[in-house]
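K.L.:
Quick one, what's the 3D model for this:
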Amino acid sequence: MRNLDFAPLYRATVGFDRIADLMDRVLSTDVAQPTYPPYNIEKTADDAYRISIAVAGFSPDELSVEVKDGSLFVTARKAAEETERTYLHRGIATRAFERRFALADHVRVAGAVHEHGMLHVDLVRETPEALKPRRIEIGRSAATPALEAKAETVN
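P.N.:
Sure, this is the predicted structure:
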């Protein structure tokens, strides 16, 4: 696979470091991507998203959802069991995990819900007023009425 060098991007731009870092992270093949726990990312509206993570075996008290440095961290730590159990088959994994999701600018966590073994994290993109398109009213200069009067006398 080809390795891309983003050094020219760093030299020629200002303020795009986060984009280049994201590209570096996505294109790196050195780090194995974790597969546990499984999750879905869905678009629920034009500016709304939902991350659903399978967290069977974890109670809401054992889960943590935190936003830090433009990333969403979902962490689970299983409390120590009080009684020793003997399993004939153990197919439900309850090992500790940490999932990290990079958030785009102006995306905030609207809430999180734990139901039926799933953790749902709702995200909303809120575009600031300064970044929204706005219509600029075009005014008339003081010379405009005189030009209109002159045009009427010519006709």
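K.L.:
burial count for residue 86?
P.N.:
4 (other Cβ atoms under 10 Å). Using the backbone N, CA and C atoms, a C-beta is placed for each residue, glycine as well.
K.L.:
again but with residue 51, I slipped
P.N.:
Neighbours around residue 51, by other Cβ under 10 Å: 20.
K.L.:
And the residue nearest the centre of this structure?
P.N.:
By Cα atoms, centre = their mean, the mean C-alpha position of the chain lies nearest to residue 103, the distance being 2.7 Å.
K.L.:
so that one touches residue 70, yeah?
P.N.:
Yes: Residue 103 is within contact range of residue 70, at 5.5 Å (criterion: Cβ atoms under 8 Å).
K.L.:
one step back: what does the pLDDT read for the residue nearest to the centre of the chain?
P.N.:
pLDDT, residue 103: 88.
K.L.:
mind checking how far it is from residue 124?
P.N.:
11 Å (Cβ to Cβ, to the nearest Å).
K.L.:
Which stretches in the chain count as helices?
P.N.:
For the chain, the helices defined by DSSP state H cover 7-12, 17-27, 144-154.
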